[in-house]
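In: Sequence and predicted structure below; questions after.
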2 protein chains.
Amino acid sequence: MTNLRIPGPTPCPPEVLAAMGRQMINHRGNEFGEIFKDVTAKMKQVFQTKNDLLILTGSGTAGLEAAVVNMLSPGDTVLSVSIGVFGERFAKIAQTFGATLVPLNFEQGQAAKPEMIKKALDENPGVKAALVTHNETSTGVTNDLAAISKIVKTAGKLLMVDCISSLGSVNVPVDDWKIDVAISGSQKGWMVPPGMTMLSVSSEAWRANESAKMPRFYWDLGKARANLEKGQTPWTPAISIVFAFQVALDMMLKEGINNIFARHEKMGNLTRQMAEGMGLTLLADPRYASNTVTSLVADRGLDVKKLTKTMREEFDIVLAGGQGQLEGKIFRIGHLGMVSEKDIFDVFDALKVALPKAGFTK
Amino acid sequence: MTNLRIPGPTPCPPEVLAAMGRQMINHRGNEFGEIFKDVTAKMKQVFQTKNDLLILTGSGTAGLEAAVVNMLSPGDTVLSVSIGVFGERFAKIAQTFGATLVPLNFEQGQAAKPEMIKKALDENPGVKAALVTHNETSTGVTNDLAAISKIVKTAGKLLMVDCISSLGSVNVPVDDWKIDVAISGSQKGWMVPPGMTMLSVSSEAWRANESAKMPRFYWDLGKARANLEKGQTPWTPAISIVFAFQVALDMMLKEGINNIFARHEKMGNLTRQMAEGMGLTLLADPRYASNTVTSLVADRGLDVKKLTKTMREEFDIVLAGGQGQLEGKIFRIGHLGMVSEKDIFDVFDALKVALPKAGFTK
């Protein structure tokens, strides 16, 4: 079987795939309603939140758009904290719908510096919300969200966080960290195919929603909340993915979220240790290296395209290249969701052969 | 097995469900690219179009929103032709994003009158686009789109059509009828689970897109077109549904689209004949009765809730109630996608027992 080691979509357990193959049911009927309420309640446990949790049909980027258009008005000023491609994307969405950006960009591979966020908020008292990426999938860096939250919430701003590749894999205590809108996506640590995005919404966020004027229809979170009371969605949902979530969430809660977080920490450490042992250079500042995805620098003659091709064709292992300005400059190993030590060992056994073939010299 | 006779989601063939259960692959890799291009090409055959065809992750309503925000600017005037809930929805979306409506509403159960559309366009020369529902799922009425198109296109307006519950089931020759944007959804005649929406875009629509100013990011069709050249999507797609489409489209092309249309016509006729034979009253004007869904009036003492409950609990047959102002006043039988004469006979065998139990007197 292919060892799919990209940072999403992640491999799905056989039980989850079986659920994907279930026959359709009426999305306005009781059976679906019970399942949808059960999925929502269990997902809240992983989000560690008592906030509303809304599950929409669309990909992770859709979740970022939903957060923006439900909470902001054209002309609102937002602090966009970016450490990579997905931070830029979040900012671009806000700008597209008419927000004014105060951009705070950090070098790729680095985490956001909380003191710089404090400075930016002090200098721009008109900022309404901060857009932050928790785990930047393009670089493999996890921001210190606890510290960032303290600053943003002390300043009284709305905190909207892209947790797409962190939630369900590493610890994101949404309520403890006072995240107003936390966004995730089905195809990451949740071990479910892509197609749904999930957002938790705090009472402060709902207050912002009341006066938010950006146009919204399909992504209207108020409509989603009203329909959820009946166990429904405003528009026909991706029923199969809801079935898959129910199975995957039972597996996750059986493993226990703290055990899941510990397993991901172990996988992150193992990947970094093995990579360094092989003479590879980590892109991420080691203090903030992600436990869901590791970026490795294409130095010492390494041709990324050749490497990923060799890994795929000779070893049936799929790695990811770099995105945006990092294309050709890094490769990435995903280690989130359904992942064990053996998967990581297999990757490095293959890299031992594939790296020299792709020009890498120790 | 449950006989799911609602107008979407429709039952999926076992081969399609098996495809839904396939393991994830890299959505940026060659394997996915080949599948996505193949699906797009085959779907174009069913759309009967040489226009661009874009497949997005979201439900049918998302497709309506994508059409609006990609082709219009705030302040544009649009003629919204509505014959039911979904016509109203299309109009509401345009209005939400800043369009000015010229509403042309027809009584529920009736088709739009082409001469009224001509009159409205003559009286409102500033109209940029007409929003039309081909098959109104809430009433079971199919508009005369050929006639409507002639009027709208002769007037030089953009024609955007909700074909969600018609395309893939009844004849919609997109190019012959000069439909600028035709929208469908995976969970209807396509025999695939919900989660993707598909839009064909004419060259005239692309010209409109160049100057259209409504904000868009996730639904940006220009980005979708650019990515399709590589066999990709701008954002992670619902991979499983693409797998399912590949299998379903092969089945559809094997049956032949004209045979599919003939089968739906037969199912529509059969349903109407059997309903009338049982003393039920058709909501739809018989000249425009839909071949994908039939609405039956809850007269002669019929309690719709009791009826759908009895059908479900005693016969394992799922029918739909009415939507919006028709709630409690009609019930609906879906006969689109994977449907045979036996499915319809089973429905009426059960109705023979269930109708009197639900208060219906002949």
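Out: Right, received. Where do you want to start?

In: Any idea how many residues pack against residue A:279?
Out: Number of residues near residue A:279 (other C-beta atoms under 10 Å in any protein chain shown) recorded here: 12. Using the backbone N, CA and C atoms, a C-beta is placed for each residue, glycine as well.

In: in the stretch 1-150 of chain A, which spans are strands?
Out: In order along the chain, the stretch 1-150 of chain A carries the following strands (DSSP state E, counting those that start in this stretch): A:3-4, A:52-57, A:77-82, A:100-105, A:127-133, A:135-136, A:141-142.

In: which of those strands is buried the deepest?
Out: Per-stretch averages of neighbours, counted by mean count of other C-beta atoms under 10 Å in any protein chain shown, single out strand A:135-136 among those, with a mean of 32.

In: what are the bridge partners for whichever residue of the stretch 251-362 of chain A sits closest to chain B, then?
Out: Sorted by distance to chain B under C-beta to the nearest C-beta, the residues of the stretch 251-362 of chain A start with residue A:318, at 5.1 Å. Beta-bridge pairing of residue A:318, defined through DSSP bridges, involves residue A:4.

In: any idea how far the most centrally placed residue in chain A lies from chain B?
Out: Centroid-nearest residue in chain A: residue A:164, 1.6 Å away (criterion: C-alpha atoms, centre = their mean). Here the criterion is C-beta to the nearest C-beta, to the nearest Å. By it, residue A:164 lies 10 Å from chain B.

In: Next, the contact list for that residue, please.
Out: For residue A:164, the residues meeting the contact criterion (C-beta atoms under 8 Å, 6 or more residues apart in numbering or on different chains) are A:8, A:60, A:63, A:86, A:135, A:137, A:183, A:184, A:185, A:188, A:197.

In: list the contacts for the residue in the stretch 51-200 of chain A positioned nearest to chain B?
Out: When distances are taken as C-beta to the nearest C-beta, the stretch 51-200 of chain A reaches nearest to chain B at residue A:195, 3.4 Å away. Applying C-beta under 8 Å, 6+ apart, we find residue A:195 in contact with A:57-59, A:186-187, A:238, A:241, B:57, B:195, B:237-241.

In: For it, which non-adjacent residue is spatially closest?
Out: For residue A:195, ignoring the flanking residues on the chain, the nearest one in space by C-beta to C-beta, 6 or more residues apart in numbering or on different chains is residue B:238 at 3.4 Å.

In: and residue A:361, how many neighbours does it have?
Out: By other C-beta under 10 Å, the residues close to residue A:361 number 10.

In: That one contacts residue A:301, doesn't it?
Out: Yes. At 5.4 Å, residue A:361 and residue A:301 qualify as touching, with contact defined as C-beta atoms under 8 Å.

In: Residue of the stretch 1-150 of chain A closest to chain B, please.
Out: Among the residues of the stretch 1-150 of chain A, residue A:21 lies closest to chain B, at 3.6 Å counting by C-beta to the nearest C-beta.

In: and that residue, how many residues sit next to it?
Out: Other residues within reach of residue A:21 by the criterion other C-beta under 10 Å amount to 21.

In: That one and residue B:16 touch, don't they?
Out: No. Under the criterion of C-beta under 8 Å, residue A:21 makes no contact with residue B:16, lying 9.1 Å away.

In: Helices of the stretch 1-150 of chain A, start to end?
Out: When assigned using DSSP state H, counting those that start in this stretch, the helices of the stretch 1-150 of chain A occupy the ranges A:14-20, A:30-47, A:60-71, A:85-96, A:114-123, A:145-154.

In: got those as CSV, with distance to residue A:271, mean neighbour count and mean pLDDT columns?
Out: Rendered in CSV, the data for these read as follows (distance: least, C-beta to C-beta, whole Å; neighbours: other C-beta atoms under 10 Å in any protein chain shown; pLDDT from 0 to 100):
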stretch, distance to residue A:271, mean neighbour count, mean pLDDT
helix A:14-20, 24, 19, 98
helix A:30-47, 23, 18, 98
helix A:60-71, 22, 28, 98
helix A:85-96, 20, 22, 98
helix A:114-123, 26, 15, 98
helix A:145-154, 21, 19, 98
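
In: so which of those gets nearest residue B:156?
Out: Distance to residue B:156, taken as C-beta to C-beta, is lowest for helix A:85-96 among the helices of the stretch 1-150 of chain A, at 30.0 Å.

In: Can you tell me what sits against stretch A:144-161?
Out: For stretch A:144-161, the external contacting residues (C-beta under 8 Å, 6+ apart) are A:67-68, A:71, A:79, A:81, A:111-112, A:114, A:117-118, A:121-122, A:127-134, A:172, A:177-183, A:204-205, A:208, A:288.

In: If we use 7 Å, what do you get?
Out: A:67, A:71, A:111-112, A:114, A:117-118, A:121, A:127-132, A:134, A:177-183, A:204-205, A:208 (C-beta atoms under 7 Å, 6 or more residues apart in numbering or on different chains).

In: care to break chain A down by domain?
Out: Residue ranges for each domain of chain A read A:3-7+A:257-357, A:14-253, as given by automatic domain parsing.

In: I'd like those as a markdown table, with distance to residue B:305 appended.
Out: Shown next, in a markdown table, are these (distance: least, C-beta to C-beta, whole Å):
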| stretch | distance to residue B:305 |
| --- | --- |
| domain A:3-7+A:257-357 | 41 |
| domain A:14-253 | 12 |
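
In: For residue B:104, find the nearest of those domains.
Out: Residue B:104 lies closest to domain A:14-253 among the domains of chain A, at 20.6 Å (C-beta to C-beta).

In: And that closest one, end to end?
Out: This stretch, domain A:14-253, spans 17 Å end to end (C-alpha to C-alpha, to the nearest Å).

In: can you give me the mean pLDDT across the strand or helix carrying residue A:309?
Out: Assigned by DSSP states H and E, residue A:309 falls within helix A:304-315. What helix A:304-315 shows for mean pLDDT is 98.

In: who's in contact with that helix?
Out: Counting by C-beta under 7 Å, 6+ apart, the neighbours of helix A:304-315 from elsewhere in the structure are A:298, A:317-319, A:321-322, A:328, A:331, A:350, A:354-355, A:357-359.

In: As TSV, these with distance to residue B:228, neighbour count and secondary structure would be great.
Out: Formatted as TSV, the entries for the contacts of helix A:304-315 read as follows, by distance: C-beta to C-beta, whole Å; neighbours: other C-beta atoms under 10 Å in any protein chain shown; DSSP: H, G, I helix; E, B strand; the rest coil:
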residue	distance to residue B:228	neighbour count	secondary structure
A:298	28	24	coil
A:317	27	22	strand
A:318	22	21	strand
A:319	24	25	coil
A:321	20	18	strand
A:322	22	22	coil
A:328	23	13	coil
A:331	26	25	strand
A:350	32	18	helix
A:354	31	23	helix
A:355	34	24	helix
A:357	32	14	helix
A:358	30	21	coil
A:359	32	14	coil
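
In: Contact partners for the residue nearest to residue A:195?
Out: Here residue B:238 is in contact with A:193, A:194, A:195, A:238, B:57, B:195, B:196 (criterion: C-beta under 7 Å, 6+ apart).
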